[in-house]
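> Any chance you can model this:
(chains A and B)
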Amino acid sequence: MTDNSPLHLAVALDGAGWHPAAWREPDAAPDRLFTAAYWAELAAEAERGLLDFITIEDSFGQQSARYDGPDPRANQVRGRLDAVLIASWIAPLTSHIGLVPTATVTHTEPFHVSKAIATLDYVSLGRAGWRVQGSRPWENSLFGRREAFAFRLEDYAAPEVQREVVARFDEAADFVEAAGHRARLDAAAGAEYASDAFIFTGTAAQLAELLLDWQGAGLSGFRLRPASVPRDLLHITRELVPSLQRNNSFRSRYTGTTLRERLGLTRPASRYAAVFTGTN
Amino acid sequence: MGKPHKQVILGAYVGGVNHHTVWADPAAGSQIDFSTFRHVAQTAERGKFDFFLAEGLILRERLGKIFDQDIVGRPDTLPVLAAIAAVTSHLGVVGTLNATFNEPYELARQLASLDHLSGGRAGWNVVTSFDAFTGQNFRRGGFLRRDDRYVRAGEFIDVARQLWDSWPDGAVVADKASGAFLSGPAAGTFEHHGKQFDISGQFNVPRSPQGRPVILQAGVSPQGRDFASANADAIFSPYHQLDEAQAFYRDINTRVVAHGRPASSVKLLPSASFVLGDTAAEARERHREISLAQVSGRTAQILFESVWNRDLFGYDPDGPLPDIDPDPEGPRVIQGRAVLHQDPFETVARWRALAAAHNYSLRETAVHVFSRTEFIGTPSQVAERIDDFVQHDGSDGFIIGSHLTPGGLDEFADKVVPLLQERGSLRADYDGTTLRDNLGIPVPERTAGTAVA
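Next up is the predicted model:
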């Protein structure tokens, strides 16, 4: 990794934020989570901060604090809209930011998912991505499937593909949460926040320093999971980004038009290219 | 007191994957870019249309190769509708979506999401497939018997309604002070145990602005008519002649009432295309030119192949109709196109008589039997015919498409729409916000006992 590699920053959007009590924050808008305008405003803010892309969480079943089944909770955000459609709705209202919705692959038809993501690429003029996820085993009943099957990478890919997948996911494994107001959130939730990602608590300038340290250690970029929205999203776009820009460590304007260009990825050849040129 | 003056319902569609669209016209734009769909939808909204209809499932084939005589490829229905909803504010967004190759939980969730995102403008045109050719695109293949497609579709719609009803109104309280996000933890709980689907769990989309998205259906056979009368809010009518359209209209309304629904609660909508001119003669001449562009010699051969089920490329388009008989039992020459002609021998005999009577060539015969432009004339003639057809209960409106994508609808919005408005048959401006408001269809009662708090 050379010093002049661009730093990539993405923000992960999920309901009112990633902390279970995020929706109770003074600036949270929990009654607007199911409106289009809410998502358009968040995307516009992320684009204003020149971020690479946003991801949008999704699942077929109800949110749950447990992995093995639904939890009978009414005191956290429950319910969500289809992420691919949220991204499609945002697409014509934005012009640069990448749109990376979650689409699960356990129960969906490959035909439907591939066509939907390809169409997101059309309506966004080349800014689509796809966050691939499996479904949780207890969501089988939503589709009438009885056998619970666990996701095992070795069942799905040849060994060389596995190595590649593992390598790429390792690179992206360290997430950061900006949560300057963590104590209040934890108090509202009645428990200390636990996460599968590194939880950062501190100022935007401290976070900038940390991210650059990690970039120096070989990471390409970070997907930040704001503890509460819009507060922590604004910390990212209006404090973290300017702080990085002052170090010349982050872009000062968008260049290029597609998400691939932004990430430095080449356009893949179609696997059917030979077939196309071989027929008339 | 006379019969109340009806409002004409207008839908818009982007010409589909058939010969109707003259893609080679120099004025034609992209058939897949979002700019095309945005333009047609915004033109429709400018013309105060009720809704936009999107569709497309499989690429057609001729003798095992992708069929590229007509448009190949379509954007996916739901994402393009979500994007259209973002750049319009009143236009309904209706998707043609298949009940055979989708799962009710997933599709009900997508449609409810679209209804939320669009502020209550989502609709679903329910279609079915049974053929193994379409099934090749999916894991289950051609799993359904032809007779069972309405059985599956009926249970599919029942389940979708149950899911859409599964959140009580006001379930999302989002009370920051008390910490209650939901009024109770069981919102969305459902169970369905049927022959086609055996599913249970918690639906995770709150009840959407329209309660349930609007349902559209096409059905001509007695079984199809009955299914649509029981389930649909609007039905595509295949009839354009007033007398047979009126008979269909009466028949559907009788069935609607027999299903315990109010008379006239289901809207009937034929699709229609148009060619305008400053004079009637100019419109006829334009129509002749457009028909010839729609039905090239090669297109004429292919259109007939779908009925003959034989390779007809050896027959001169400017010569007579093929003198051989159809081969309905042979392997399909054209795949992925609805079979419209039940008895090919009878159909071919009728066409031969037509060709003999007028001395038509193969191509001229195809122009006459496959060209389906319903409204040809001056803007005032077209507005009058549309309005008369609706006021005389031939239908409740039309779904309008143009041979020219994307600019063709502009002429209709600019020239015909103002005349319909002058006649008091089309709104001057939208007076509601949802597709149900546009169509004058009330929010449905919740199925008793479905929602649990």
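> which stretches of chain A form strands?
Secondary structure of chain A (DSSP state E): strands located at A:8-13, A:53-56, A:98-104, A:131-133, A:176-178, A:198-200, A:221-224.
> Just list what the fourth one packs against, helices and strands only.
Meaning strand A:131-133. The contact analysis (3 or more C-beta pairs under 8 Å, 6 or more residues apart in numbering or on different chains; DSSP states H and E) places strand A:131-133 against strand A:98-104. Heads up, the C-betas are built off the backbone N, CA and C, glycines and all.
> what's the distance between the strand it packs on and the middle of its chain?
Relative to its parent chain, strand A:98-104 has a centroid offset of 7 Å by C-alpha atoms, centre = their mean, to the nearest Å.
> That one and chain B, are they touching?
No - remark: strand A:98-104 sits outside contact range of chain B, by C-beta under 8 Å from any C-beta of the partner chain, the gap being at least 9.7 Å.
> by how many degrees do that strand and strand A:8-13 diverge?
Counting by axes from the mean of the first three to the mean of the last three C-alpha atoms, to 10 degrees, strand A:98-104 lies at 50 degrees to strand A:8-13.
> same for strand A:98-104, what does it pack against?
Strand A:98-104 packs on strand A:53-56, helix A:83-90, helix A:110-123, strand A:131-133, helix A:259-263, going by 3+ C-beta pairs under 8 Å, 6+ apart.
> model confidence over that strand, on average?
Mean pLDDT, computed over strand A:98-104, is 96.
> Tell me what angle that strand forms with helix A:83-90.
Going by the same axes, to 10 degrees, strand A:98-104 makes 160 degrees with helix A:83-90.
> Which one of the strands of chain A lies nearest to A:S141?
Nearest to A:S141, of all the strands of chain A, is strand A:98-104, at 14.9 Å by C-beta to C-beta.
> and for the closest one, what are the contacting residues?
With contact meaning C-beta atoms under 8 Å, 6 or more residues apart in numbering or on different chains, strand A:98-104 is reached by A:10, A:43, A:52-60, A:83-84, A:86-87, A:90-91, A:113, A:116-117, A:120, A:124, A:127-135, A:259, A:262-263.
> how does it look with 7 Å?
Residues outside strand A:98-104 that contact it (C-beta atoms under 7 Å, 6 or more residues apart in numbering or on different chains): A:52-60, A:83-84, A:86-87, A:90-91, A:113, A:116-117, A:120, A:124, A:127-131, A:133-135, A:259, A:262.
> what do you get for stretch A:251-260?
A:6, A:50, A:53, A:96, A:98, A:125-129, A:245, A:262, A:267.
> Stretch B:422-431 too?
When contacts are defined by C-beta under 7 Å, 6+ apart, stretch B:422-431 is touched by residues B:5, B:7-8, B:48, B:90, B:383, B:387, B:417, B:420-421, B:438.
> Apply 8 Å and report the result again.
By C-beta under 8 Å, 6+ apart, stretch B:422-431 touches B:5-8, B:10, B:48, B:90, B:383-384, B:387, B:390-391, B:417, B:420-421, B:437-438.
> Check stretch B:24-39 too.
A:91-92, A:122-123, A:125, B:14, B:21-23, B:54, B:71, B:73-75, B:80, B:83-84, B:87, B:293, B:403-407.
> Tell me the buried residues in that stretch?
Across stretch B:24-39, burial judged by 16 or more other C-beta atoms under 10 Å in any protein chain shown covers B:25, B:28, B:31-32, B:34, B:36-39.
> on that earlier part again, name the stretch among the helices and strands packed on strand A:98-104 that sits most buried.
helix A:83-90 (a mean of 30; mean count of other C-beta atoms under 10 Å in any protein chain shown).
> quick one: average pLDDT of it?
Mean predicted lDDT for helix A:83-90 stands at 98.
> Surely A:A43 and A:T55 touch.
No - if you go by C-beta atoms under 8 Å, A:A43 and A:T55 don't touch, sitting 11.3 Å apart.
> if we can go back for a sec, of the contacts of stretch A:251-260, which pair is most distant in space?
So, the contacts of stretch A:251-260 by C-beta to C-beta: farthest apart are A:Q245 and A:R267, at 28.9 Å.
> Spell out which parts of the stretch 1-150 of chain B neighbour chain A.
Of all the residues in the stretch 1-150 of chain B, those lying near chain A are B:32-34, B:38, B:65, B:75-76, B:78-80, B:82-83, B:85-87, B:101-103, B:105-106, B:109-110, B:112-114, B:116-119, B:137-139, going by C-beta under 8 Å from any C-beta.
> Please pick the buried ones from these.
B:32, B:34, B:38, B:75-76, B:78-80, B:82-83, B:85-87, B:101-103, B:105-106, B:109-110, B:112-114, B:116-119, B:137-138.
> Which members of the contacts of stretch B:422-431 are positioned in helices?
Among the contacts of stretch B:422-431, DSSP state H puts B:383-384, B:387, B:390-391, B:417, B:420-421, B:437-438 in helices.
> Need the buried ones from those selected in ChimeraX.
Restricted to buried positions by 16+ other C-beta under 10 Å, the ChimeraX selection for those reads:
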select /B:383,387,390,417,420,421,437,438
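> Save the ones in helices among the contacts of stretch B:422-431 as a markdown table, and put in distance to B:P317 too.
Formatted as a markdown table, those follow (distance: C-beta to C-beta, whole Å):
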| residue | distance to B:P317 |
| --- | --- |
| B:A383 | 36 |
| B:E384 | 37 |
| B:D387 | 39 |
| B:V390 | 38 |
| B:Q391 | 42 |
| B:V417 | 38 |
| B:L420 | 39 |
| B:Q421 | 43 |
| B:D437 | 49 |
| B:N438 | 44 |
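> Max pairwise distance over the ones in helices among the contacts of stretch B:422-431: which two?
For these, the maximum inter-member distance is 27.1 Å, found between B:E384 and B:D437 (C-beta to C-beta).
> what about dumping the CA coordinates of stretch A:247-263 to PDB?
This file holds the C-alpha atoms of stretch A:247-263, laid out as PDB (Å, rounded to 0.1, in the frame of the first residue of the first chain):
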ATOM      1  CA  ASN A 247      -4.400  16.400   5.900                       C
ATOM      2  CA  ASN A 248      -5.000  15.900   2.100                       C
ATOM      3  CA  SER A 249      -6.100  12.400   3.000                       C
ATOM      4  CA  PHE A 250      -9.500  12.500   1.500                       C
ATOM      5  CA  ARG A 251     -11.000  13.800  -1.800                       C
ATOM      6  CA  SER A 252     -12.200  17.400  -2.000                       C
ATOM      7  CA  ARG A 253     -14.600  16.600  -4.800                       C
ATOM      8  CA  TYR A 254     -16.000  13.600  -6.700                       C
ATOM      9  CA  THR A 255     -14.200  12.500  -9.900                       C
ATOM     10  CA  GLY A 256     -15.500   9.900 -12.300                       C
ATOM     11  CA  THR A 257     -19.000   8.800 -12.500                       C
ATOM     12  CA  THR A 258     -19.200   5.100 -11.600                       C
ATOM     13  CA  LEU A 259     -18.700   3.300  -8.300                       C
ATOM     14  CA  ARG A 260     -16.100   1.100 -10.000                       C
ATOM     15  CA  GLU A 261     -14.100   4.100 -11.000                       C
ATOM     16  CA  ARG A 262     -14.200   5.500  -7.500                       C
ATOM     17  CA  LEU A 263     -13.000   2.200  -6.000                       C
END
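> Can you give me the buried ones in it?
By neighbour count on 16+ other C-beta under 10 Å, the buried set for stretch A:247-263 is A:249-251, A:258-260, A:262-263.
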